[in-house]
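Q: can't give you the sequence, but here's the structure:
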């Protein structure tokens with residue numbers, strides 16, 4: 001089963017799901033997403049650069065990572081899963097820093113982001129998984 005994103009109505013409740021790979025289009029529906037920021041013990045934030053092969057916002061410098069919770073998955077679990085998948089980092093502590101906001105963004109191509117977003121921060125310590133499923137080169 002492929003990952004899916006939760007579709008929302010204007011009041012916020014879930015009204016359905018869509019395949020995550022097809023959620024961002026030129027007419028993106030309102031859906032649930034999150035932004036994650038990884039902060040090290042010294043208080044420095046980790047920024048990420050989206051892979052150039054990505055269809056949405058390729059090569060753009062952004063937060064540590066972002067994603068969509070799976071239907072029924074709570075946000076801290078979704079953040080921990082995605083941070084591990086993308087960065088190979090297992091966060092020690094996940095804290096809600098911005099409960100919810102809506103945003104609409106447009107990338108330089110044709111894609112629109114229309115999301116009910118939550119921002120979470122992983123701070124304190126973390127361990128690095130030496131076998132992440134996705135690795136983005138630093139150079």
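A: Now that the structure is in, tell me what you want to look at. On a predicted model such as this, the values are computed, not experimentally measured, just so you know.
Q: wouldn't residue 61 be in contact with residue 45 here?
A: No. With contact defined as C-beta atoms under 8 Å, residue 61 and residue 45 do not form a contacting pair (11.9 Å). Any C-beta I mention is one placed from the backbone N, CA and C, and that applies to glycine too.
Q: which of those two has more neighbours?
A: A count of neighbours by other C-beta atoms under 10 Å puts residue 45 above the other of residue 61 and residue 45, at 12 against 9.
Q: hey, what's that one bridged with?
A: Taking DSSP bridges, one finds residue 39 as the beta-bridge partners of residue 45.
Q: Could you verify my assumption that it touches residue 39?
A: Yes. Counting by C-beta under 8 Å, residue 39 is a contact partner of residue 45 at 5.4 Å.
Q: where do the strands sit along this structure?
A: Listed in chain order, the strands of the chain (DSSP state E) span 4-8, 14-19, 31-39, 45-46, 48-49, 61-62, 65-67, 89-91, 94-106, 112-122, 126-128.
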